[in-house]
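Trainee: here is a sequence together with a model predicted from it:
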Amino acid sequence: MHIVEFCVSNMHHGTDKVMERLENDPRVDVIEYGCLGNCGECFLSPYALVNGEAVFAETAEKLYDLIMQEIEKQEAEKSALDKLLDDL
């Protein structure tokens, strides 16, 4: 399960639509917070945390794509690590 966290103060960028879209993905657990502590970035652009990794984008639509890319990247890294550990 992947955890994607959103800041309620970032919703003015349209991240609420991204959040709603991700809630339909069974691989994703979506959490909304009042603040994630990235106030400067939050004010400037859409962002979310994917398993603790910050993902920033120019638009909310691009944010969704970047979140999905980050999930795929993390899954590939986990798979490679699991394979390495299995070979030991």
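Mentor: The structure has been received and is ready for your questions. Numbers count the residues shown, from 1 in each chain.

Trainee: so what's the gap between the lowest-mean-pLDDT helix or strand in the chain and the chain middle?
Mentor: The weakest-scoring helix or strand in the chain, judged by mean pLDDT, DSSP states H and E, is helix 39-44 (a mean of 88). Distance of helix 39-44 from the chain centroid (C-alpha atoms, centre = their mean, to the nearest Å) equals 16 Å.

Trainee: cool, and stretch 48-67?
Mentor: Using C-alpha atoms, centre = their mean, the offset of stretch 48-67 from its chain centre is 5 Å.

Trainee: dump that stretch to CSV, restricted to CA.
Mentor: Taking Å, rounded to 0.1, in the frame of the first residue of the first chain, the C-alpha atoms of stretch 48-67 are listed here in CSV:
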residue,chain,number,x,y,z
ALA,A,48,1.9,15.7,-2.3
LEU,A,49,4.0,13.3,-0.3
VAL,A,50,4.3,9.8,-1.7
ASN,A,51,5.5,7.4,1.0
GLY,A,52,7.3,10.4,2.5
GLU,A,53,8.8,11.6,-0.7
ALA,A,54,7.8,15.1,-1.9
VAL,A,55,6.4,15.4,-5.4
PHE,A,56,5.9,18.9,-6.9
ALA,A,57,4.4,19.9,-10.2
GLU,A,58,3.4,22.9,-12.3
THR,A,59,-0.3,21.8,-12.5
ALA,A,60,-2.6,19.5,-10.6
GLU,A,61,-2.9,17.3,-13.8
LYS,A,62,0.9,17.0,-14.0
LEU,A,63,1.0,16.2,-10.2
TYR,A,64,-1.2,13.2,-10.7
ASP,A,65,1.2,11.9,-13.4
LEU,A,66,4.2,12.5,-11.3
ILE,A,67,2.6,10.8,-8.3
